[in-house]
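Chemist: Just to be clear, the model below is a prediction. Sequence and coordinates:
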Amino acid sequence: MPDDLETSEYPRMLVVAIGRINAADTVNNGLLLRNLFGQWPRENLAQIYSSGDNGDEGFCGRYYRLSPVDRRFGKLFYRLKAEAQKEAAEANPAVAASAGGSTRRFAFVRNWATRWLIDGGGYELLFRPRLSSSMLDWVKGFEPHIVFAQGYNLAFTWLPLLLAERLGLPLAYYPTDDWPQNRYRADAVGLPPIARFARQAVLRASGQLVERATVRLAFNPYMCAEYLRRYQKEFALLMHGDEFGRFEAIPPTRLAKPDECWIVATGDFDRHRLPLLEDLDAACEILHRKGFKIRATVFPARRLVESNSHGSGLRHVRFEACPSHAGLASVLRGADILFLPERFDETVKTICLSVSSKAHLFMFSGRPIVVYSDGRAGVARYAWEEGWGALVDHRGADHLAGALERIITDNSERLRLAAAARRVAEANHNLPRIQSAFRDALCTAVHQAGAAP
């Protein structure tokens, strides 16, 4: 056992995760990691990251951001990355449409090359991470006891493996979705040759990460079962958490009249979820025509791209800026119904092992929840099997309106849903219990490994 752990409950953690753990932001993974490490001394946390720095002081005591010296052909990688970001920021469909033939041909070649490098995973194979002397000096100055990895892409799968092997440290692995199964699938990117190489590398590297890890954590029960089948390795269940006391101490906030039924939704509204808000609006119109006073407000976690899919065309749904973490709890408590849309398109097969990071917040609010999704999605399965939400698994405004009307008019149904949500939150999302189990697992791994820096 490392001598300094005799007097400390918290080992020094080297977190290798793609997005910076900021002191405060609304990024889902940042919230998850801040919760997990909530009791950790700041000086016992250090992170290697590549993006997501919002400029604040950060949650960890030390940070190392990847630079050109930490990748093979790193200068070329960062130059291409900067050019790609600039082009994305300056993209203008009107300009592209009016461009001359040679310009359009050049754009076609450039777009094809971009798809080959990015969508097909070519850039991950070409610009592999490496342990630079500056990175190693920084890591050795911190003297970690254990490496914490999440995967997500090849660079952040290879890097923790390289560090754990080089330093002789135990490794903890906590993926929050089934990224190895969905990364660089040839049928998804339409580039079979290069995707085949990248996909083989993903499957091999993710398998090595599972094999090397002595602490294996899964984000939901479906991931636990699938990873046991896939890797023949046990994964401990560790879900997103919060505390009832935090919600109960915050007064509710309402942006609706007392006699209106106020429906609230929040989260990331991407191309899969955004169209479902049109269904919500149509469902509200059905209820409005029946005489119900109803209003819906959406608090997007990220800024929505302006499109015809939302805005003036919606009659009952309005958009408001997403409040702070504490403010969001107040809004959720003030709602009459919470709306959790996922997706109904063919991509649902990619999220069978995923559970929305907002689901537990909805449970803690004490308000009835409607889950609107294809039943194969992980969050839909979770709601159906545990009963914490009313599941609408057939798309259509009439189906959705029927579920909303039952909740509005049936007090026993509202109470049943709230009681089930509280039971599930207490069993699976109790933050103090999660933090304790997480710390115990890491301390045990460090002690067993005798991981002296």
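Modeler: Happy to help now that I have it.

Chemist: Can you give me the neighbour number for residue 133?
Modeler: 8 (other CB atoms under 10 Å). All C-beta atoms are positioned from the backbone trio N, CA, C, and that covers glycine.

Chemist: Then residue 291?
Modeler: Neighbours of residue 291 (other CB under 10 Å): 7.

Chemist: Same question for residue 413.
Modeler: 15.

Chemist: How about the contacts made by it?
Modeler: Taking CB atoms under 8 Å, 6 or more residues apart in numbering, we find residue 413 in contact with 368, 390, 406, 407.

Chemist: Would you mind listing the outside residues contacting stretch 353-361?
Modeler: The contact list for stretch 353-361 (CB under 8 Å, 6+ apart) reads 28, 31-32, 176-178, 181, 219-220, 222-223, 226, 239-242, 266-267, 328-329, 332, 340, 342, 369, 377-379, 382-383, 388-389, 425, 428-429.

Chemist: Recalculate using a threshold of 7 Å.
Modeler: 28, 32, 177-178, 219-220, 222-223, 226, 239-242, 266-267, 332, 340, 342, 378-379, 382, 425, 429 (CB atoms under 7 Å, 6 or more residues apart in numbering).

Chemist: And the furthest pair within the contacts of residue 413?
Modeler: Across the contacts of residue 413, no pair lies farther apart than 368 and 406, at 9.7 Å, counting by CB to CB.

Chemist: can you list the domains in the chain?
Modeler: Split into domains by automatic domain parsing, the chain comes to 3-69+127-240+431-449, 245-428.

Chemist: that older thread, in helices, which of the contacts of residue 413 fall?
Modeler: 406, 407 (DSSP state H).

Chemist: which one of the contacts of residue 413 sits closest to residue 284?
Modeler: Checking the contacts of residue 413 against residue 284 with CB to CB, the nearest one is residue 407 at 13.3 Å.

Chemist: Which residue is the nearest non-sequential neighbour of the closest one?
Modeler: Nearest non-adjacent residue to residue 407, counting by CB to CB, 6 or more residues apart in numbering: residue 368, 5.0 Å away.

Chemist: about what we covered before: pull out the buried members of the contacts of residue 413.
Modeler: 368, 390, 407 (16 or more other CB atoms under 10 Å).

Chemist: I'd like those as TSV, with distance to residue 348 appended.
Modeler: Converted to TSV, the buried ones among the contacts of residue 413 look like this (distance: CB to CB, whole Å):
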residue	distance to residue 348
368	24
390	19
407	24
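
Chemist: Could I get the full set of strands for the stretch 251-400 of the chain?
Modeler: 261-267, 294-300, 317-319, 337-341, 369-372, 390-392 (DSSP state E, counting those that start in this stretch).

Chemist: Pick the most deeply packed of the ones you listed.
Modeler: With neighbours taken as mean count of other CB atoms under 10 Å, the strands of the stretch 251-400 of the chain reach their highest mean count in strand 369-372, at a mean of 26.

Chemist: starting at the chain centroid, how far to that one?
Modeler: With CA atoms, centre = their mean, to the nearest Å as the basis, strand 369-372 stands 19 Å off its chain's centre.
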